[in-house]
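>>> this is the structure alone, sequence omitted:
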């Protein structure tokens, strides 16, 4: 069977399986980040271009906790999302909440600007070449899967990302809180009339979306360069993922996140030069065929 | 980190100084040499050039001391944009800046060198990599100081093969710089009897995950994986190679452009065993250590790399030349005359020892093949490299006749 695959596509099957798996892992990051964006857009109608900077902040806070307070990876996993999420709440209260009645474009410009400012401040404080962050001892090492050498940490990334994605989806789709949230996006006044504090709920939702970005940042810190630009490189791809999945669709962002990670992984084998472009080609095709995205409601 | 606020203020002071030049310029112009450090003060190359280069130039000025004329240092951020660099260079030269220093990012370096040539003013490039600066695009009023792509390729490519790493796979950033580095290194590898098993071109910018490419490289069973990229691309490659246990199973990693500042940000745990080349390492000998001790209080919480040290060495040699010519003659002379005098005089300083400048503008000194130490071998701060080999000054750079520089034929 393996020989058949190899004969058909001209790539050794072990290499192919390895690449599929690696694609899935990258997809986990796309899913985590696009999930946060989808939550924020779905419930706040804000296109959060600060998301890349917040992802970066998640990784930096993990580094700060280690370097300044001696708190390791697991503490960072808990504290970094809380700290960065709280900073998101402040941003929402001070700036973003003023734009809900305006066109999307204003939110986009504001969050883009905020993202650039945050990145600039970090670059001035911490330089540009990045900071060291190690894989926690419990997760270092690797499994030999036969067809490839699989670092334990990457397996953890997939598990953690799946956990957060499914938990978020369950909260929004299956709980009473989620029902309030969804109701508030449809008819905020009506929900408020039932005695629910809609502005506070929206603030907390933004904080939660930002915290998801920070979780992804902590997950990324041991394997990617922790530098102020780390988010801006990723965020454009993640936006494409959100557009393909359907703006604001929670399930769409998760499924397309993982799916596009795999597509990108395969492209890295067959046509490496195109691997940064393939997601945008798919985006263009999807937009032509289904302008609302694969999972979006037109 | 100390880099913090002082760094920010420094950068501000420095940029505002740029615009303050005209008023000061006329006051005591005749007796003042004005040096402008132009580099990346806020972007990707800030740590590799940036405030560290300014600190080292300042160190040179301080050590040179009072020799009958004043020296003024200004600095500004070219944001790695050729258009910004060009207009800044024009403004500076027109306002009485005598020499522009550093100028990293090859595209900006080439553009500014052309402005200097047109205005016949001195430009000393330290931070750019491209060997075209002393090749096809060489200029009579310019010097290229610390390193170049040819030297990196020769040192890392040739010496690694001789050390037994005779089969190579390249992970190459898919743009001009990456292609050139891959081509040049590949030539040295094959010339030394090695073989190239393959290469993968990674999109630039926009690649953060290199694991897929690393696994492909590993599948070829090459003994050496060469990274023909720079900055965070290289750092990501090294981090992820450590994660996938590639070095633990005997494969060597060769970073074709890497500075000690990059090693610092990777950490020894993940960087150990990595091979790279620099023309300066702070812990080479008593003189380099002495220089480093003197300059550290001025540095932004980093140890000097070869670019920083190059800015020190270049400033010192330039000032010595001015002294030899006499301030009056130096102010009156054009860039070509000054650079000719610089070429006629041997260089001597603590960072690079004795050296010379060739007719094509290439500064010659030795190149060192370095390996990143294991954490257990590192006994003091920034104790990062073992010296594996030395290429002497005469062989480290491209032979004079092969660069295609017009100055050589005439």
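Good, I have the coordinates. Source: prediction; values computed, not measured.

>>> kindly list the main-chain dihedrals of the residue in the stretch 101-250 of chain B that chain A sits nearest to?
Nearest to chain A, among the residues of the stretch 101-250 of chain B, is residue B:203, at 3.3 Å (C-beta to the nearest C-beta). (C-beta placed from N, C-alpha, C; glycine too.) Backbone dihedrals for residue B:203, given as degrees, to the nearest 10, come out at phi -60, psi 140.

>>> and it, how many neighbours?
18 (other C-beta atoms under 10 Å in any protein chain shown).

>>> nearest residue to residue 148 in space, please, no chain neighbours.
Just going to use chain A. If you skip the residues right next to it in sequence, residue A:148 has residue A:18 as its closest partner in space, 3.6 Å away by C-beta to C-beta, 6 or more residues apart in numbering or on different chains.

>>> that's the wrong chain, I wanted chain B
Closest to residue B:148 by C-beta to C-beta, 6+ apart is residue B:131, at 4.1 Å.

>>> need the contact list for that neighbour.
B:144, B:148, B:149, B:150, B:151, B:398, B:403 (C-beta atoms under 8 Å, 6 or more residues apart in numbering or on different chains).

>>> can you check residue A:273 too?
B:174, B:201, B:203.

>>> try residue B:355
Counted by C-beta under 8 Å, 6+ apart, residue B:355 has contacts B:313, B:346, B:347, B:348, B:363, B:364, B:365, B:393.

>>> just the buried residues out of those residues, in PyMOL syntax.
To isolate the buried ones among these in PyMOL, judged by 16 or more other C-beta atoms under 10 Å in any protein chain shown, type:
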select buried, chain B and resi 313+347+363+364+365+393
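
>>> which of the contacts of residue B:355 come close to chain A?
Among the contacts of residue B:355, no residue sits close to chain A (C-beta under 8 Å from any C-beta of the partner chain).

>>> out of the contacts of residue B:355, which is nearest to chain A?
Chain A lies nearest to residue B:313 out of those, by C-beta to the nearest C-beta, at 22.3 Å.

>>> quick check, that closest one in contact with residue B:354.
No. With contacts counted by C-beta atoms under 8 Å, residue B:313 stays clear of residue B:354, the gap being 11.1 Å.

>>> mutual contacts of those two, please.
By C-beta under 8 Å, 6+ apart, the residues touching both residue B:313 and residue B:354 are residue B:347.

>>> in three-state terms, label the residue of the stretch 151-298 of chain A found nearest chain B for me.
Closest approach between the stretch 151-298 of chain A and chain B, counting by C-beta to the nearest C-beta: residue A:276, at 3.3 Å. Per DSSP: H, G, I helix; E, B strand; the rest coil, the local secondary structure of residue A:276 is coil.

>>> tell me if the helix or strand where residue A:67 lies is near chain B.
Assigned by DSSP states H and E, residue A:67 belongs to helix A:51-69. No. Helix A:51-69 does not reach chain B (C-beta under 8 Å from any C-beta); its nearest approach is 8.7 Å.

>>> tell me the residues of the stretch 1-150 of chain A that contact chain B?
So the stretch 1-150 of chain A meets chain B at A:12, A:15, A:18-19, A:22-23, A:25-26, A:120, A:123-132, A:134-135, A:142, A:148-149 (C-beta under 8 Å from any C-beta).

>>> which of those are buried?
Those of these that meet the buried threshold are A:12, A:15, A:18-19, A:22-23, A:25-26, A:123-124, A:126-132, A:134-135, A:142, A:148-149, by 16+ other C-beta under 10 Å.

>>> ok so, going back, which elements pack onto the helix or strand following the helix holding residue A:67?
Next helix or strand after helix A:51-69 toward the C-terminus (DSSP H and E): helix A:73-94. For helix A:73-94, the elements it packs on are helix A:51-69, helix A:198-220, judged by 3 or more C-beta pairs under 8 Å, 6 or more residues apart in numbering or on different chains; DSSP states H and E.

>>> tell me the buried residues in the shortest one?
For helix A:51-69, burial by neighbour count (16+ other C-beta under 10 Å) applies to A:51-66.

>>> per-residue pLDDT, residue B:21?
Residue B:21 is assigned 48 on the pLDDT scale.

>>> ugh, wrong one, I meant residue A:7
54.

>>> picking that back up, now the residue nearest to residue B:148. Its backbone dihedrals?
Here residue B:131 shows phi and psi, under degrees, to the nearest 10, equal to phi -80, psi 0.

>>> what ranges in chain A fall below the confidence cut-off?
For chain A, applying pLDDT under 70 flags the ranges A:1-11, A:298.

>>> ok so residue B:96 is a helix residue?
No. Assignment of residue B:96 by three-state DSSP gives coil, placing it outside any helix.

>>> now residue B:291. Nearest residue, chain neighbours left out?
residue B:350 (3.9 Å).

>>> next: residue B:50.
residue B:41 (5.3 Å).

>>> and the one you found, helix, strand or coil?
Once three-state DSSP is applied, residue B:41 turns out coil.

>>> secondary structure element for residue 124?
Picked chain A for this. Judged by DSSP H and E, residue A:124 forms part of helix A:104-126.

>>> not quite, go with chain B.
strand B:122-125.

>>> now do the helices in the stretch 1-150 of chain B.
B:4-25, B:50-64, B:82-94, B:106-119, B:149-152 (DSSP state H, counting those that start in this stretch).

>>> got the contacts of residue B:355 as TSV, with secondary structure and pLDDT columns?
Output for the contacts of residue B:355, formatted as TSV (DSSP: H, G, I helix; E, B strand; the rest coil; pLDDT from 0 to 100):
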residue	secondary structure	pLDDT
B:313	helix	97
B:346	coil	96
B:347	strand	96
B:348	strand	96
B:363	strand	97
B:364	strand	97
B:365	coil	96
B:393	helix	93
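
>>> how much space separates the residue nearest to residue B:148 from residue A:49?
Distance of residue B:131 to residue A:49, given as C-beta to C-beta, to the nearest Å: 40 Å.

>>> and residue B:225, backbone torsions?
The phi/psi pair for residue B:225 (degrees, to the nearest 10) is phi -110, psi 120.

>>> for the residue lying closest to it once chain neighbours are set aside, helix, strand, or coil?
Of all residues not flanking residue B:225 in the chain, residue B:217 sits nearest, at 4.8 Å (C-beta to C-beta, 6+ apart). Classification of residue B:217 by three-state DSSP places it in helix.

>>> chain center to the host helix or strand of residue A:43, what's the gap?
Taking DSSP H and E as the criterion, residue A:43 maps to helix A:13-44. Between the centre of helix A:13-44 and the centre of its chain there are 8 Å (C-alpha atoms, centre = their mean, to the nearest Å).

>>> check contacts around the residue lying closest to residue B:192 once chain neighbours are set aside.
The shortest distance from residue B:192 to any non-neighbouring residue, by C-beta to C-beta, 6+ apart, is to residue B:161 (3.8 Å). Shown in contact with residue B:161 (C-beta under 8 Å, 6+ apart): B:188, B:189, B:192, B:193, B:194.

>>> which parts of the helix holding residue A:124 are buried?
Within helix A:104-126, the residues that count as buried by 16+ other C-beta under 10 Å are A:107, A:110, A:111, A:112, A:114, A:115, A:118, A:119, A:122, A:123, A:124, A:126.
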